[in-house]
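K.L.:
pasting a predicted model and its sequence here:
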Amino acid sequence: MRRYEDSYKQKGLRRQLVDSIRQKGITDENVLTAINNIPRHYFLDTAFEGIAYEDRAFPIGEGQTISQPYTVAYQSQLLEVKPFEKVLEIGTGSCYQACVLAELKANVFTIERQKRLFDLVKQFPFKSRYPTIRFFYGDGYEGLPTYAPFDKILVTAAAPQIPEKLLQQLKVGGKMVIPVGGQEVQRMLRITKISDTEFDQEMFDNFSFVPMLAGKKS
Ligand code: SAH
């Protein structure tokens with residue numbers, strides 16, 4: 001069994017990471033505190049422990065990645081999470097982003113399409129610190145109609161276009177943050193649902209995510 005320890009050295013590296021993210025333009029102190037509170041090295045293979053606090057993405061298996069901390073902070077800041085909001089996340093991956101949302105006191109519903117990653121997260125002991133996260137194995141393009149509507153939706157994979165069903169599952173007044181574009185580069189969008197049929201769209205910076213793929217993978 002792996003032993004999870006958060007040493008002074010790792011805490012110090014994490015504070016430096018938070019400072020560097022702040023310097024890159026993240027201003028939401030709640031988001032920065034959340035990142036400071038979560039031992040990111042727990043989410044990575046022990047081989048990456050020494051470099052877990054570099055501001056970069058890392059492989060988590062099955063061709064997927066844990067997002068760069070700056071990207072996690074950027075998306076979390078745009079989402080403007082308030083305590084007790086219902087937040088749907090597409091792309092559980094390592095579950096790091098879901099834990100950041102839980103640190104922001106959201107009630108998190110997170111979907112992963114790859115069975116192996118979903119099973120790995122189920123065995124991850126650290127997640128028991130966040131009983132407000134619920135895990136689902138499924139296709140994020142479908143959302144979670146049973147639990148809709150959501151205050152916020154966060155997509156952590158690159159979508160070729162805005163998924164219609166996710167727009168439907170957003171509350172009026174709710175927001176969705178989603179990277180939309182091609183394989184190489186996507187534009188971060190924030191969609192606000194004005195009424196059942198009207199949406200406002202804001203455009204932010206370019207990012208590069210792994211693709212949002214249709215259907216489940218067993
Ligand atoms: N939020 C994750 C980032 C993972 S990368 C983290 O913090 O680690 C994106 C993830 O989205 C991958 O695990 C990928 O398998 C998943 N994914 C891609 N398309 C999906 C879909 N249609 N539904 C659910 N998950 C999807």
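P.N.:
Good, I have the coordinates.

K.L.:
tell me the buried residues in the longest strand along the chain?
P.N.:
Secondary structure assigned by DSSP state E gives strand 170-181 as the longest strand of the chain. For strand 170-181, a neighbour-count test (16 or more other CB atoms under 10 Å) marks 170, 174-181 as buried. No exception for glycine: its C-beta is placed from N, CA and C like everyone else's.

K.L.:
quick one: which of the residues you listed is nearest the ligand?
P.N.:
Proximity of those to the ligand (CB to the nearest ligand atom) peaks at P179, which lies at 10.3 Å.

K.L.:
that closest one against V210, yeah?
P.N.:
No: P179 is beyond contact range of V210, at 10.2 Å (criterion: CB atoms under 8 Å).

K.L.:
list the residues that contact both of those two?
P.N.:
Among the neighbours of P179, those also in contact with V210 (CB atoms under 8 Å, 6 or more residues apart in numbering) are 157-158.

K.L.:
as a check, name the ranges of all helices in this protein.
P.N.:
Remark: helices assigned in the chain by DSSP state H are 8-23, 29-37, 69-79, 96-103, 115-122, 164-168.

K.L.:
so the residue nearest to G91 when sequence neighbours are not counted versus L213, what's the distance?
P.N.:
Among residues not flanking G91 along the chain, T156 sits closest, at 3.9 Å (CB to CB, 6 or more residues apart in numbering). As defined by CB to CB, to the nearest Å, T156 lies at a distance of 13 Å from L213.

K.L.:
do the same with D151
P.N.:
If you go by CB to CB, the gap between D151 and L213 works out to 26 Å.

K.L.:
okay, these two: which has more neighbours?
P.N.:
D151 (20 against 15; other CB atoms under 10 Å).

K.L.:
hang on, the more buried one packs against K171?
P.N.:
Yes: in this structure D151 lies within contact range of K171 using CB under 8 Å: 5.6 Å.

K.L.:
so F58 bridges to which residues?
P.N.:
Counting by DSSP bridges, F58 is bridged to I66.

K.L.:
I'd say it and L44 touch.
P.N.:
Yes: counting by CB under 8 Å, F58 does reach L44; the two are 5.6 Å apart.

K.L.:
between these two, which contacts overlap?
P.N.:
The contact lists of F58 and L44 share 52, 66, where a contact means CB under 8 Å, 6+ apart.

K.L.:
what sits up against stretch 199-218?
P.N.:
By CB under 8 Å, 6+ apart, stretch 199-218 touches 63-65, 67, 71, 74, 78, 90-91, 113-115, 137-141, 155-160, 167, 179, 181, 183-194.
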